[in-house]
Structure formats: C-alpha cells, structure tokens
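A.B. asks: return atomic coordinates for the entry below.
(4 chains)
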Protein chains: 2
Amino acid sequence: MSASLPPFPKAEQPVDQPELLQLGVAEEEPCLRADAARNRARLLEAAARLVAEHGAAGVTMEAVAAAASVGKGTVFRRFGDRTGLLMALLDHSEKKFQGALLSGPAPLGPGAPPVERLRAFGRAALRRSADELDLQLAAENSPERRFSNAPRRFLRGHVTLLLRQALPDADCELLAQVLLGYLDPAAIHYLTRQCGMPVERLEAGWDDLVARVTRTESPC
Amino acid sequence: MSASLPPFPKAEQPVDQPELLQLGVAEEEPCLRADAARNRARLLEAAARLVAEHGAAGVTMEAVAAAASVGKGTVFRRFGDRTGLLMALLDHSEKKFQGALLSGPAPLGPGAPPVERLRAFGRAALRRSADELDLQLAAENSPERRFSNAPRRFLRGHVTLLLRQALPDADCELLAQVLLGYLDPAAIHYLTRQCGMPVERLEAGWDDLVARVTRTESPC
DNA sequence: AATGAAACTGGACCACGGTCCGGTTAGGGT
DNA sequence: ACCCTAACCGGACCGTGGTCCAGTTTCATT
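C.D. replies: Now for the predicted structure:
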C-alpha cells in the first residue's frame, strides 16, 4: 500500500506486459547479493521441510523465518507475502510443466493437432494437481489476484493459442478462461475430496468438455 | 477446531444433506432470543453502513461490533466468521434471485426451454454481479469452502437440473461446475476490471458457451 | 586497502480474525 | 411472583500476516 519503495523489489509487481514473454518460460530474479541468495535458499529449504512435516498449513512466516535462523522481515522482503513464498515453493514443478508444454514431446508439446494437445494438457494438469494439491490450495491467491499471476498468465496464453488454432473465429480468451476454470486446484479439491469423484471421472469430463467446446457447429 | 460446542450454533455447519432442499429456498435460523434478534439486526445494519461508507474492505469485525455497540464475541457468535457476516449481507439479494429462478417469470423461471433458461440465468447472474461485485468478492470463501456453501449448492442444483433436461446423457454435474465457474465473481472482476472487457462481451461469451456445451453432437 | 552507498537484515510493532470464559439475561415452568 | 437454566453478552486474550526502520553487510570503485 506504500507509494515509493526503491529498495524493495516486492517479488512480483502486477505489471501486465503485453504478451512479449509468449515464448520465454518466465521472468527471472534480476540478481541477488551473496548473502541474500544464501538466505533465500535456506528459507526455501526450511519451508519445504515444514511442508513435509506439518503440511502446508504449518508454513507460518514466523516458523519459516525461525527454522531458517533469519528475521521475519527477510522472508517478506524476499517473497513479498505468504502466497509468494508458496508459489516459489511450486516454482520448480511449474517451470518443468511449462517446459513440457513449450518443447516437450507431443502430444503435450508441439507436434500434435491442437485438440489433442488440449486433451493432454488437461490430463497433465490434473495429474500434477493430484500431487501438490495441498500446496496449490494454500498458494491460492486472494480473489483479486487469482488470475493475474505469472504461471496463470502463461497457461492462459498457451490454452488461448491452442484454441485459436482449432477455433479461429471464437472468443478464445473467454473459452480459455472456462477451460482453466475446470482445472482450478480448489475445484479439483472440492470434486475429488469433498464430492468423492474419482480422478478418472474428472479426466473423462475434461475430454468431454474439450470436445464440446471445440466442436465446430454442425459440419453437415 | 473445538470438539463439542452445544451452545454455539456456528451459523453454518458443513452438513451436506442429500439434496432434499431441492425446492426449499434455503434453511432458516432455528429461532432467536429477543435480545439476540435485536443485536443481529443492529449488526447487519451497522455492517451495511460500513460497506456504504468505506467499501467492503472497511468491514472489520471490530468496527462492526463497535458501530453496533456490541461486543466482538457477539458478532462471531451470530455469524460464525467474517465470511458468514458478508454472506448474511448478501442474503436478501440471494433469496430474491433464488425466488426468481424457482417461481419467477420465464425465461428465468419455469416455463421456457432449458437452454433458454440457462441463457437467462447467466445474464441475470452477470448483471447481479455487476452491482455487489465488491461485496461478493469480499465474501468469497476460503478455497476449501468456495464450492460448499448453501447459495452455491443451490445454483449448482439448478444448473444441473436444467442441463439434465437438455443433455440427458452427459455428466451434468461437471458441466454445471464449468458453467458456474464462468460466473465466479472473482473471474468477472478480473475480466471486466483488470482486463477491461465490457460486460456485453461476457454476456456474448456466456451465450456462446451455453450453445457449445449444450450442442448435441452432429444432428445430421 | 579504504570508502561510500545501495541493498540487506532482524526484530519490535500493528491490525485483524478468531477463541474463551466469567458474568448476565431472557423467559418458561411452577 | 419466583426461580432455574440455557442461551447470550462482552471484552481480554492469542496467533498470524504484514510493515517499519535503525543498524549492518556487501561490493564496485578508487
């Protein structure tokens, strides 16, 4: 909420750059002083240990700071807020996923027809959420930023692109929003854990949804 | 987190009763002592005033309690938590909406073909979110309970029913989840406020989505 | 090596959501 | 009219996310 804070990178400014990172995997930290980098590594390690021991709910900012023998302010300086820390924890898996989409083997990566890539995308995302579900849930942003973080923007761009190949005349941004909504971690948690649906049903539902959305109207 | 709490209704237990409220609008408070009812009314009035004055973000539990000349514990006893208070604030509009769906004029109410009712439903929901957006955003539950509150369950049942009339052989629960995801207040906020999409585009997108989802495959 | 400033550190501090429990009150039974 | 008990009240208390700033450290430059 403060105005000018030159020496405070805030770890994720809401700059909405016009899709020039379309092919770059994501932005990197500009640089880091030696001690800062060391503390960052210790914090991530401590946070991962806390997740393993007490679940994602046990990742308290104070606890992480204490476990890393570091002041609380340092955690906030490095990661901005709790969500930033949790997202940093998911960053490795996220980067791997992005890499598979951009340059992995088909049908997830390039080389397959777009609809088939979409189907593979959903299955991969569902499987990824099967592990990491509690972490992804805990990292869920506040309602205002649930859609405007870097990983989400990347997935949105990817799905939009695939949709545009299959449906050149549709509003692919909105359709991408719909498809990604189906893969929302909170939704997956609700359907599988609270409603008891098996993952197979979610996968079948995804294929069905993709088929319905990309079906071109009555090609008689 | 406590175990047994007889004298503490908690305002919304997570009981997931098997759809026997399908036609009842919602459950009512069991009864209320005279002073409790008076305090409840004063709290709601105070909360509404705070929303009008300082926006939904200004609705602090302490502020509401103070504005109603009531102890903080009373607010939590009555409404369970902050989300409960905000949902109570939205309750009137919610009930009206549910009434329109159940027994209002077509095409929103009964009497129109299901696909047309679905289209009307989306437009109505979008318009309802246009007002009240900040309140609906602030009332958004924690990720775990975003889908398991009474209003949401009602809408889910309604949409599922309409879908089943149009698509007897599809997985209508999952499709209903998809459609409701499109109408999520956070999504609407993101698309209209942050992406700057006009509401007309969202409405067109809804019609398109309903058409795609309910299109029966190649009726040649 | 000395130096100066940018960048980082840590812990005191604050606000808010949520819990607890001793004291109070409503209102039905007698 | 009285009493008894369940329900309710209020505010002290706690944990957590997040801010702030005085002091310290790094490192590029000389």
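
A.B. asks: strands along chain A, start to end?
C.D. replies: With DSSP state E, there are no strands along chain A.

A.B. asks: around chain B, pick out the residues from it.
C.D. replies: Taking Cβ under 8 Å from any Cβ of the partner chain as the criterion, chain A approaches chain B at residues A:16, A:137, A:140, A:143-144, A:146-148, A:170-171, A:174-175, A:177-178, A:181-182, A:184-187, A:189-191, A:194-195, A:201-202, A:204-205, A:208-209, A:212-213, A:215, A:217-220. For the C-beta atoms, the positions are set from N, CA and C on the backbone; glycine is no exception.

A.B. asks: could you pull out the helices in chain A for me?
C.D. replies: Secondary structure of chain A (DSSP state H): helices located at A:34-54, A:61-67, A:72-79, A:82-103, A:114-130, A:133-138, A:150-166, A:172-182, A:185-189, A:199-214.

A.B. asks: to residue B:33, which of those lies closest?
C.D. replies: Relative to residue B:33, the nearest member of the helices of chain A by Cβ to Cβ is helix A:185-189, separated by 37.2 Å.

A.B. asks: pull the CA atoms of that closest one into PDB?
C.D. replies: Extracted as PDB, the C-alpha positions of helix A:185-189 are listed here (Å, rounded to 0.1, in the frame of the first residue of the first chain):
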ATOM      1  CA  PRO A 185      -7.000 -26.500  -7.700                       C
ATOM      2  CA  ALA A 186      -9.800 -25.500  -5.400                       C
ATOM      3  CA  ALA A 187     -12.300 -27.100  -7.800                       C
ATOM      4  CA  ILE A 188     -10.300 -30.300  -8.100                       C
ATOM      5  CA  HIS A 189     -10.100 -30.400  -4.400                       C
END
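
A.B. asks: and the residue nearest the centre of chain A, what's its pLDDT?
C.D. replies: Averaging the C-alpha coordinates of chain A gives a centre point, and the residue nearest to it by Cα atoms, centre = their mean is residue A:151 (4.2 Å). On pLDDT, residue A:151 comes in at 95.

A.B. asks: tell me if I'm right that it and residue A:88 touch.
C.D. replies: No: counting by Cβ atoms under 8 Å, residue A:151 does not reach residue A:88; the two are 11.3 Å apart.

A.B. asks: quick one on the thing from earlier: just the buried residues out of the residues of chain A next to chain B, in ChimeraX syntax.
C.D. replies: Of the residues of chain A next to chain B, the buried ones can be selected in ChimeraX as follows, counting by 16 or more other Cβ atoms under 10 Å in any protein chain shown:
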select /A:137,140,143,146,147,148,170,171,174,175,177,178,181,182,184,185,186,187,189,190,191,201,202,205,208,209,212,213,215
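
A.B. asks: on that earlier part again, nearest to DNA strand C, of the helices of chain A?
C.D. replies: Of all the helices of chain A, the one in closest proximity to DNA strand C, counting by Cβ to the nearest atom of the strand, is helix A:72-79 (1.9 Å).

A.B. asks: relative to helix A:34-54, how tilted is the closest one?
C.D. replies: With axes from the mean of the first three to the mean of the last three Cα atoms, to 10 degrees as the basis, helix A:72-79 and helix A:34-54 are set at 100 degrees to each other.

A.B. asks: right, is helix A:72-79 up against DNA strand D?
C.D. replies: Yes: Helix A:72-79 comes into contact with DNA strand D when judged by Cβ under 7 Å from any atom of the strand, the residues involved being A:72-73, A:76-77.

A.B. asks: relative to residue A:83, which of the residues you listed is nearest.
C.D. replies: Of all those, residue A:76 has the smallest distance to residue A:83: 11.5 Å, by Cβ to Cβ.

A.B. asks: which residue packs closest to the closest one, ignoring adjacent ones?
C.D. replies: Taking Cβ to Cβ, 6 or more residues apart in numbering or on different chains as the measure, residue A:76 lies nearest to residue A:61, with 7.2 Å between them; neighbours along the chain are not counted.
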